[in-house]
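Q: Fold the stuff below for me.
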Amino acid sequence: MPATDYQTLAAGIAIAGGLIGTGLAQSGIGAAGMGIYAEKPEKFGNVLFFFVIPETLWIIGFVLGIILLKGILG
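A: Numbering: from 1, shown residues only. Next up, the predicted model:
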């Protein structure tokens, strides 16, 4: 069954929302993380961990977009 126009639009909004959210979260975390790293280079592992956490937002948006395109929810 092909996706309708509304399903395609909803999938696009879900994926774009996940990507925008990831970018906004990483911009703040990245700036603060570089400040921490400049003062204490031994904290690099912690900074990297907190920088990678927002990556789950785009993954969730992508999966939701696929679910909407396949019509699994409705």
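
Q: what about the longest helix in the chain?
A: helix 5-39 (DSSP state H).

Q: Packing partners of that one?
A: Packing partners of helix 5-39 (3 or more C-beta pairs under 8 Å, 6 or more residues apart in numbering; DSSP states H and E): helix 44-52, helix 55-70. For glycine as for every other residue, the C-beta is placed from the backbone atoms N, C-alpha and C.

Q: distance between it and the chain's centre?
A: 5 Å (C-alpha atoms, centre = their mean, to the nearest Å).

Q: could you give the angle of it to helix 55-70?
A: Angle, helix 5-39 to helix 55-70, by axes from the mean of the first three to the mean of the last three C-alpha atoms, to 10 degrees: 170 degrees.

Q: Quick check: buried residues in helix 5-39?
A: 7, 10-11, 14-15, 17-18, 22, 25-26, 29, 33 (16 or more other C-beta atoms under 10 Å).

Q: Dump these into TSV; add distance to V63 and pLDDT as well.
A: Listed next are the buried residues of helix 5-39 as TSV, based on distance: C-beta to C-beta, whole Å; pLDDT from 0 to 100:
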residue	distance to V63	pLDDT
Q7	15	84
A10	13	86
A11	11	88
A14	9	88
I15	10	91
G17	13	91
G18	9	89
T22	14	91
A25	18	89
Q26	19	90
I29	22	90
G33	27	91
